[in-house]
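[1] I need the structure of the sequence given here:
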Amino acid sequence: MPSKRNAHGSDVTSLFANVSGRATLLTPGADKIIFTQGDPANSVFYIEKGKVKVTVLSPEGKKAVLAILNSGEFFGEGCLTDHPQRLATVSTMTACQIVRLEKAAVIRLLHEDRTFSEIFMSFLLERNIRVEEDLTDQLFNSSEKRLARILLLLAKFGKAGKPELVIPKVSQETLAQMVGTTRGRVNTFMNKFRHLGFIEYDGDIKVHSSLLNVILHD
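    Next comes the predicted model:
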């Protein structure tokens with residue numbers, strides 16, 4: 001498996017060497033389902049390369065995008081709470097390299113490997129902060145500001161390292177599900193951002209730091 005360094009500078013993939021036989025490298029292409037809402041929850045996944053989308057379906061059939069995750073992130077950690085079923089569906093947005101770790105192997109690493117434990121706890125804390133920020137955003141900000149924040153997050157503004165600037169193709173429907181609005185409103189906002197020079201939009205999305213103005217000013 002290729003190595004991947006996290007924000008702490010640790011070679012995360014090398015930590016999986018201690019779980020030989022319980023770590024499997026998956027190489028799905030784009031638009032492939034990793035697991036589906038309601039499936040048995042028995043493993044944790046680590047993204048070495050690529051992007052995945054986390055979605056949830058309500059009993060009424062309404063679909064929402066909870067998150068888009070990038071390389072260096074975990075998902076499926078809900079199995080560690082002894083919840084028997086997956087609470088969401090995860091599918092690939094690009095070709096990916098993903099490590100699947102059996103639940104028992106992750107529990108053992110958390111107990112026996114301090115470095116892995118620190119990395120994993122850091123991930124959980126950052127995820128919790130992100131959830132709180134998302135809730136605050138949903139409660140108090142307009143759809144336009146929520147869309148701007150999502151685009152900046154996808155471009156990794158504010159994270160360690162340089163922003164990606166260019167976001168691989170994300171459909172307006174997916175953005176609408178993340179924002180909690182209609183595709184038509186997303187289209188209106190995207191055209192406005194492009195007209196103001198905040199983004200360049202032609203399939204891929206190029207995000208400029210000036211998009212921060214949408215969030216910082218009323």
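
[2] only C-alpha atoms for contact and neighbour calcs from this point on.
    Fine.

[3] Which residue ranges of this protein form strands?
    Using DSSP state E, the strands of the chain run over residues 23-26, 33-35, 43-49, 52-57, 63-69, 74-75, 89-92, 97-102, 166-167, 199-202, 204-207.

[4] Compare those strands and give me the one nearest residue 182.
    strand 63-69 (11.6 Å; Cα to Cα).

[5] buried sites along the longest helix seen in the chain?
    Looking across the chain with DSSP state H, the single longest helix is helix 114-140. Judged by neighbour count using 16 or more other Cα atoms under 10 Å, the buried positions of helix 114-140 are 115, 116, 117, 119, 120, 123, 134, 137.

[6] pLDDT below threshold where in this protein?
    Across the chain, the ranges flagged by pLDDT under 70 are 1-11, 13, 18-21, 158-164, 217-218.

[7] which residues does the residue most central in space within the chain bridge with?
    In the chain, the residue lying closest to the centroid (Cα atoms, centre = their mean) is residue 69, at 1.8 Å. For residue 69, the beta-bridge partners are residue 52 (DSSP bridges).

[8] okay, the buried residues of helix 114-140 in a markdown table with distance to residue 49 next?
    Shown next, in a markdown table, are those (distance: Cα to Cα, whole Å):
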| residue | distance to residue 49 |
| --- | --- |
| 115 | 21 |
| 116 | 19 |
| 117 | 21 |
| 119 | 18 |
| 120 | 18 |
| 123 | 17 |
| 134 | 24 |
| 137 | 28 |
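
[9] mind checking how far the nearest residue to residue 27 once chain neighbours are set aside is from residue 24?
    The shortest distance from residue 27 to any non-neighbouring residue, by Cα to Cα, 6 or more residues apart in numbering, is to residue 97 (4.7 Å). To residue 24, residue 97 is 10 Å away according to Cα to Cα, to the nearest Å.

[10] thinking in terms of the whole chain, how far from its middle is stretch 69-81?
    Mean C-alpha position of stretch 69-81 versus that of the full chain (Cα atoms, centre = their mean, to the nearest Å) differs by 9 Å.

[11] actually stretch 42-56, sorry about that
    Between the centre of stretch 42-56 and the centre of its chain there are 8 Å (Cα atoms, centre = their mean).

[12] ditto for stretch 63-70
    On the basis of Cα atoms, centre = their mean, stretch 63-70 sits 6 Å off its chain's mean C-alpha point.

[13] Buried by neighbour count: which residues of it qualify?
    Neighbour-count burial for stretch 63-70 flags 64, 65, 66, 67, 68, 69, 70 (criterion: 16+ other Cα under 10 Å).

[14] returning to that earlier point: how far off strand 63-69 does the longest helix of the chain point, in degrees?
    Helix 114-140 and strand 63-69 are oriented at 140 degrees to each other (axes from the mean of the first three to the mean of the last three Cα atoms, to 10 degrees).

[15] tell me which strands and helices helix 114-140 is in contact with?
    Helix 114-140 sits against helix 103-112, with contacts defined as 3 or more Cα pairs under 8 Å, 6 or more residues apart in numbering; DSSP states H and E.
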